Structures are given as structure tokens and as C-alpha cells.
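A.B. asks: Have a look; sequence and predicted model below, questions after that.
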Amino acid sequence: MNHTKKIITTLIMISATHAGAFDLIGTTFFSPRSQSTNAARDIVGWHRYINRYTEDLYGAFAATPSYGQILRASRAARVMFGTSTLTLSGSQVPIRCSDDFLADYFGLSPEFKSTVCLHPFIRTGLIDFGGYLGWHNFYVQIHAPVVWTSWKLGIQEEVEDNGKLIPFPANYMDAGAVTPPITSFAQAMRGGTTFGDVSEGMKYGKFGCAHHKTGLSDMQIALGYNVLQRETVLDVH
């Protein structure tokens with residue numbers, strides 16, 4: 001038995017080491033999921049007081065706290081964007097890579113160049129309020145999580161050349177030469193920047209601004225009947 005345990009432990013360690021050697025890649029998507037849906041949280045702490053088989057009328061109430069957050073921001077960034085680092089360079093930078101972001105479009109100088117590290121951060125805390133009322137074989141169960149969440153796409157920028165003395169040439173952003181209004185990508189992504197013919201600043205897709213929300217996630221009500229009224233129960237709901 002001990003020999004078998006050693007073999008299993010060794011295989012798990014090898015598997016974990018092998019998996020850690022590869023970067024995570026993927027396609028950005030949002031999959032809505034109710035905060036009420038968590039089978040483990042549904043029964044933890046009060047499983048002894050629900051689905052009882054020896055009482056006529058009984059009930060239980062539970063308040064279950066939970067907290068979660070992103071721990072590896074760089075890996076999350078690679079999943080969301082395919083990379084955790086962005087390079088911005090202006091149209092007049094001598095050597096531009098094919099995947100560089102064009103700094104000009106953000107109101108930055110044609111000779112601007114910087115490197116940006118992405119740090120997405122999401123954290124969520126909740127208290128799941130649950131109630132259970134049973135009568136003979138029948139029961140009703142309610143879940144109503146109150147949730148607080150905070151989302152922020154943080155960035156860390158290293159500016160190599162802000163190009164603040166180099167304007168946009170005439171007939172590029174406007175009829176005349178235009179002085180770049182900002183000197184960093186971080187400033188550009190806060191929104192509100194105007195330059196040349198761009199008369200309205202960016203309103204959406206901003207970086208570096210934390211967004212918070214608190215509210216009732218939803219309310220789930222389950223009506224059920226315990227087919228077998230014993231210690232081992234088969235539920236139908």
C-alpha cells in the first residue's frame with residue numbers, strides 16, 4: 001500500500017512539473033456564472049441540519065463568506081491578451097516591430113517609445129445567505145449571495161523616449177503641426193485626451209481605473225422531495 005502511495009505521489013509531482021513548463025494561452029471570453037452556483041459552498045457547515053430524516057418540521061440558516069482574487073497577474077494577462085507585455089512606438093521611430101502599437105493613434109509623439117506590462121487584477125468577496133425548511137419528505141432551499149467585486153486592468157510603463165519635443169507634422173492629425181498633448185501611454189488610457197481632429201476623448205476601454213460593484217447576485221429557490229426518507233437520500237428537485 002505504501003509503495004502504491006509513493007508511486008502516485010511521484011506521478012503527481014512529475015505531472016505538476018511538466019504542466020508548469022508551458023505558458024497559458026487562450027482566447028479572451030467572459031462566461032457569466034451565477035454566484036449562487038457552488039455545490040461545495042451549498043452544503044459546507046450545515047449539511048448535518050438539512051435533508052434530515054427523523055423530524056417532521058425543521059429548518060436551518062447559514063451565512064457563508066467567500067473570497068477570491070487573481071494571484072498570477074502575468075499569466076492572466078497572457079490568457080486575456082496573448083502577452084503580458086506591450087510595446088508602443090511612434091511612426092517616426094527608426095526600427096518598429098510588426099506587433100508594436102502605433103503610438104500616434106493615442107496622441108503620443110511620432111518618436112514616442114515605451115514598454116507596458118499588463119497587470120489585470122480581479123477580486124471578489126461575498127456572503128452567501130442560505131435558508132432551508134423541511135417538512136416530512138418535502139423541502140425548500142434558498143440561496144441569496146451578496147457580492148462585492150473589484151476589477152482593474154493595471155499597467156506598469158517604462159518610457160524609453162516620450163518625444164515631447166517632436167510634433168505631428170502638418171496634414172497628419174490636422175491641417176497644421178500638432179503638439180502631442182501627453183507623454184505616456186498610461187495618460188492616454190485614462191481617457192479624455194483630445195488632439196488635432198480628435199475632438200472627443202476616449203470614453204471606454206480605459207486602463208488603470210478600478211471598477212467596483214456591490215449587490216445581490218441573484219436568488220435561487222429550490223423545491224424538492226426526498227424520495228427515500230433515510231440517512232442515505234435520493235433527491236428530486
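C.D. replies: Yes, it's here.
A.B. asks: what about the nearest residue to His136 once chain neighbours are set aside, how many neighbours?
C.D. replies: Leaving aside its sequence neighbours, His136 sits nearest to Asp56 (C-beta to C-beta, 6 or more residues apart in numbering; 6.2 Å). (C-beta placed from N, C-alpha, C; glycine too.) Look at Asp56: counted by other C-beta atoms under 10 Å, it has 8 neighbours.
A.B. asks: Now Asp56: phi and psi?
C.D. replies: For Asp56, the backbone dihedrals (degrees, to the nearest 10) come out as phi -80, psi -50.
A.B. asks: how close does it sit to Ile142?
C.D. replies: 20 Å (C-beta to C-beta, to the nearest Å).
A.B. asks: Tell me the first helix or strand C-terminal of the least confident helix or strand in the chain by mean pLDDT.
C.D. replies: Within the chain, no helix or strand scores below helix 2-20, which has a mean of 49 by mean pLDDT, DSSP states H and E. For helix 2-20, the succeeding helix or strand toward the C-terminus, using DSSP states H and E, is helix 39-43.
A.B. asks: counting contacts, what elements does that next one pack onto?
C.D. replies: If contacts are counted by 3 or more C-beta pairs under 8 Å, 6 or more residues apart in numbering; DSSP states H and E, helix 39-43 sits against no helix or strand.
A.B. asks: what about it, distance to the chain center?
C.D. replies: 22 Å (C-alpha atoms, centre = their mean, to the nearest Å).
A.B. asks: So which residues lie in contact with that helix, not counting its own?
C.D. replies: For helix 39-43, the external contacting residues (C-beta atoms under 8 Å, 6 or more residues apart in numbering) are 50, 64, 66, 128, 130, 143.
A.B. asks: After it, which helix or strand is next? Please name it.
C.D. replies: Counting by DSSP H and E, what follows helix 39-43 is strand 57-69.
A.B. asks: And the average pLDDT for the helix or strand following that next one is what?
C.D. replies: Once the chain leaves strand 57-69, the next helix or strand it forms, by DSSP H and E, is helix 73-81. Mean pLDDT, computed over helix 73-81, is 85.
A.B. asks: Gly82: neighbouring residues, count only.
C.D. replies: 12.
A.B. asks: Actually, Gly163.
C.D. replies: Neighbours of Gly163 under the rule other C-beta under 10 Å: 21.
A.B. asks: Can you tell me, leaving aside adjacent residues, what's nearest to it?
C.D. replies: Ser109 (3.0 Å).
A.B. asks: Low-confidence ranges, this protein, go.
C.D. replies: 1-30, 229-237 (pLDDT under 70).
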